[in-house]
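Asker: pasting the structure only:
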């Protein structure tokens, strides 16, 4: 099964609810909420309001302004938690901080899926992508990667290499996916986290582009 989740860059409560409604009207069942210019506390409050308005939605959160260990306890009930930096240290035999994040999430949100990034935009790149992907499999439910920057598509060969290294562990991709290129990633990627390719601007999803992307996805790809 494949999954597509729109990503909402949250500015305020009204904007988050409006974009969540676009997802609902387009037939999706969920989305990610991310803070760029508002604090974690405010995003958590907005997420709770969004959850109340859309009780059946699959809701994930990505916190950018606080460490996962301080952010996780502040969050309302969520279905997924995604961090750009899961605190994995390449080549280190023990990963105490990464393990602490995993345990904290399972304690506070036991049913939430954990998405952690490997070879992700604006983060240090691993010297050994295969080994780093395999290491991440020990701590995360879904290994998340991207292209070199926001809106930049990842190399499909990179997606294939990570897919082979991850074995049965699902992969997510979080940049550069469009209706025109998604087909090249379907053999390797399970979760598609999409913002730029379906947006009017940084804060607003485009219902037409959401629908167009859905039309390009095979029937076996489930829309979350």
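Answerer: Cool, the structure landed. Computed from a prediction, not measured in an experiment: that's the story for all the values here. Residues are numbered from 1 along each chain as shown.

Asker: which is the next helix or strand following the longest strand along the chain?
Answerer: If you go by DSSP state E, the chain has its longest strand at strand 2-10. Once the chain leaves strand 2-10, the next helix or strand it forms, by DSSP states H and E, is helix 13-25.

Asker: so where do the strands sit in the protein?
Answerer: 2-10, 30-35, 58-62, 80-83, 113-117, 142-145, 171-173, 191-194, 199-201, 204-205, 221-223.

Asker: circling back to that earlier point, within its sheet, name the partner strands of the longest strand of the chain and how each one runs.
Answerer: Applying DSSP bridges to the sheet, strand 2-10 is found paired with strand 30-35 (parallel), strand 191-194 (parallel), strand 221-223 (parallel).

Asker: could the ones you listed be laid out in JSON lines, adding distance to residue 77, mean pLDDT and mean neighbour count?
Answerer: Bear in mind the C-beta positions are built from the backbone N, C-alpha and C, glycine included. Shown next, in JSON lines, are the strands paired with strand 2-10 (distance: least, Cβ to Cβ, whole Å; pLDDT from 0 to 100; neighbours: other Cβ atoms under 10 Å):
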{"stretch": "strand 30-35", "distance to residue 77": "13", "mean pLDDT": "96", "mean neighbour count": "23"}
{"stretch": "strand 191-194", "distance to residue 77": "20", "mean pLDDT": "94", "mean neighbour count": "24"}
{"stretch": "strand 221-223", "distance to residue 77": "22", "mean pLDDT": "51", "mean neighbour count": "15"}
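
Asker: In CSV: those strands, plus distance to residue 170.
Answerer: Shown next, in CSV, are these (distance: least, Cβ to Cβ, whole Å):
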stretch, distance to residue 170
strand 30-35, 16
strand 191-194, 6
strand 221-223, 12
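
Asker: got the angle for the longest strand of the chain vs helix 13-25?
Answerer: Angle between the axes of strand 2-10 and helix 13-25 is 160 degrees (criterion: axes from the mean of the first three to the mean of the last three Cα atoms, to 10 degrees).
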